[in-house]
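1. starting from these lines, generate the structure:
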Amino acid sequence: MYRCRNRPQFGIHIGTSSLLLIFVVLVLVCLASLTLVGALSQRSLSERALETTGSYYDACNSVNEELSGWDARFKEVVDGGANEGAFYDSFDDEIVIIEDISDTQCLEVIITPHYPDGDSGEYYRVLSWKRVLKDGVDFSDTGDTLF
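-> Reported below is the predicted structural model:
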């Protein structure tokens, strides 16, 4: 049993394991940095969504306060003894209430007076309750496209 000295030996050398370890660490660092960037982006988006949602509900509360004022005016006319024709003559056909949400959007609510039938107590009907863009808003240069 003689050993051939020309025969190649296979095995892992010290340099190969070090290179493999460096490569694995680099891959893990890249994945960690991508995860961090994604998390920061999601946090920023969540903060903007929270701010926008809060502004929307603040506008809704303001509109509801204004609607309660209109409700009191309608009730006052009905309690004053006005018949249906006099009631509708006292107000416009449509009443538009606009409340700012942000620099680019506003809440637009359109109501129409409604003479109450029976004990319903409904003095108006809501025709529209929607978020609309303000006049002159151009999204091509602002980059503001959230909501």
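
2. give me the next element, helix or strand, following the longest helix along the chain.
-> In the chain, with assignment by DSSP state H, the single longest helix is helix 14-79. Once helix 14-79 ends, the next helix or strand along the chain (criterion: DSSP states H and E) is helix 84-89.

3. identify the residues contacting the helix or strand of the chain with the lowest mean pLDDT?
-> Every helix and strand in the chain was compared by mean pLDDT, DSSP states H and E; the lowest is helix 84-89, with a mean of 88. The contact list for helix 84-89 (CB atoms under 8 Å, 6 or more residues apart in numbering) reads 74, 77, 78, 113, 115. Backbone N, C-alpha and C define where each C-beta goes, glycine included.

4. one more time with 7 Å
-> 77, 78, 113, 115 (CB atoms under 7 Å, 6 or more residues apart in numbering).

5. now the buried members of the residues you listed.
-> Among these, those classed as buried by 16 or more other CB atoms under 10 Å are 77, 78, 113, 115.

6. and which of the residues you listed is nearest residue 99?
-> residue 113 (19.9 Å; CB to CB).

7. contact partners for that closest one?
-> Here residue 113 is in contact with 74, 87, 88, 91, 123, 124 (CB under 7 Å, 6+ apart).

8. list the contacts for the fifth one?
-> When contacts are counted by CB under 7 Å, 6+ apart, residue 123 touches 71, 74, 75, 78, 113, 114, 116.

9. helices or strands up against the longest helix of the chain?
-> Here helix 14-79 touches strand 95-100, strand 105-113, strand 124-133, going by 3 or more CB pairs under 7 Å, 6 or more residues apart in numbering; DSSP states H and E.
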